[in-house]
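Trainee: Model the structure of this input:
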Amino acid sequence: MSSIAKHHVSWKRHADEIGFVPITKRMIGKIFKHLDKKSIEKIANDLGGTVPKELLFLTFDKMEFDNFMSILEINAQRFGIVNHKVEDGSHTLNIHHGISDNFSYFLACAHKKMADDLSLKIKVTNSDKNMLCMLIEEPKVEY
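Mentor: Numbering: from 1, shown residues only. You can find the predicted model right below:
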């Protein structure tokens, strides 16, 4: 129940404001099937940090790593099952979307763009037609 409430409060309530429209995975797959890598990269770079950043600032007061990771997880749940584990300052985020290789590539490029914009380290550990797996390191705090 708490995950449903969290998803509604942090994502669904802002979906109309941000301009989300419902679309089937099948349609997304057909669209991405006809895009080349360069086009996918351009779209990912244009949109890479926009939606998660908007969700973050509509949901939380400030840009912090934990808030960012929460929004990434909530945003990724739109595409399917998400597994998010934390171990020793490294976050493993696995997104099982079941759409296509090109869609995994799009998600990887978009997440890399966001990570670069926030000076975070991200490593894609798996990318295939069903799933994208990433390792995201918490920023080191210097005193």
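
Trainee: How about the secondary structure of the closest residue in space to Phe68 that isn't next to it in sequence?
Mentor: The shortest distance from Phe68 to any non-neighbouring residue, by CB to CB, 6 or more residues apart in numbering, is to Leu56 (6.2 Å). Yep, even glycine has a C-beta here, placed from its N, CA and C like the rest. Under DSSP: H, G, I helix; E, B strand; the rest coil, Leu56 falls in the helix class.

Trainee: Show me what counts as buried in the longest helix belonging to the chain.
Mentor: If you go by DSSP state H, the chain has its longest helix at helix 101-117. Across helix 101-117, burial judged by 16 or more other CB atoms under 10 Å covers 102-115.

Trainee: would CSV of those residues with distance to Val124 and pLDDT be doable?
Mentor: Below are these laid out as CSV (distance: CB to CB, whole Å; pLDDT from 0 to 100):
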residue, distance to Val124, pLDDT
Asn102, 14, 97
Phe103, 14, 96
Ser104, 9, 96
Tyr105, 9, 97
Phe106, 12, 94
Leu107, 9, 93
Ala108, 5, 94
Cys109, 10, 93
Ala110, 11, 90
His111, 8, 88
Lys112, 8, 89
Lys113, 13, 87
Met114, 13, 83
Ala115, 10, 84
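
Trainee: With distance to Arg78 as new columns, can the residues you listed be given to me in a markdown table?
Mentor: Listed next are those as a markdown table, based on distance: CB to CB, whole Å:
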| residue | distance to Arg78 |
| --- | --- |
| Asn102 | 17 |
| Phe103 | 12 |
| Ser104 | 15 |
| Tyr105 | 18 |
| Phe106 | 13 |
| Leu107 | 11 |
| Ala108 | 16 |
| Cys109 | 17 |
| Ala110 | 13 |
| His111 | 14 |
| Lys112 | 19 |
| Lys113 | 18 |
| Met114 | 16 |
| Ala115 | 19 |
